[in-house]
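**Q** The sequence and its predicted three-dimensional model are supplied below.
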Amino acid sequence: MGKKWGHYAVGGRSQPVTCIYCGRLTPRVKAIPVRKGSWLDTKVIPGLDRRKVFIPSRKAYACISCAKHRGLL
Ligand SMILES: [Zn+2]
């Protein structure tokens, strides 16, 4: 019967990420990576020509419920 150290990765690779839709903190392993900038900025700036303006796509995350709701899964 040994001790199971390291079973819970505390402060390790599983840092919580914020859902871009609801703002909820989600474990990164359960979060769905979303490319921010392809659809969001076109809504923020109406009439933006994306061919002329380069929009850097940032990596964002969405929780599972939001990803399912928006058809990202
Ligand atoms: Zn969410």
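**A** That came in fine, so what should we check first?
**Q** remind me which residues of this structure are low pLDDT?
**A** In the predicted model, the chain carries pLDDT under 70 at residues 1-14, 36-46, 48, 50, 53-57.
**Q** That one against the ion: which residues are in contact?
**A** C19, Y21, C22, R24, C63, C66 (CB under 5 Å from the ion). Just so you know, the C-beta spots here come from the backbone N, C-alpha and C atoms, and that holds for glycine as well.
**Q** Report the separation between C19 and S65.
**A** Using CB to CB, to the nearest Å, C19 is found at 9 Å from S65.
**Q** just the residues of the chain next to the ion now: which is nearest K30?
**A** Closest approach to K30 among those (CB to CB): C63, at 7.4 Å.
**Q** isn't R28 right next to Q15, touching?
**A** Yes - judged on CB atoms under 8 Å, R28 makes contact with Q15 at a distance of 5.8 Å.
**Q** ok so, going back, of the residues of the chain next to the ion, buried ones?
**A** C19, Y21, C63, C66 (16 or more other CB atoms under 10 Å).
**Q** Which members of those residues define the maximum pairwise distance?
**A** Of all pairs in these, the most separated under CB to CB is Y21 and C63 at 7.4 Å.
**Q** ok, K30 - contacts?
**A** Counting by CB atoms under 8 Å, 6 or more residues apart in numbering, K30 makes contact with C63, I64.
**Q** quick revisit: can you put the residues of the chain next to the ion in CSV and add secondary structure?
**A** CSV is the format used below for the residues of the chain next to the ion (DSSP: H, G, I helix; E, B strand; the rest coil):
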residue, secondary structure
C19, strand
Y21, coil
C22, coil
R24, coil
C63, coil
C66, helix
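**Q** Let me have these in TSV, adding distance to L73 as columns.
**A** Shown next, in TSV, are the residues of the chain next to the ion (distance: CB to CB, whole Å):
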residue	distance to L73
C19	14
Y21	13
C22	15
R24	16
C63	11
C66	10
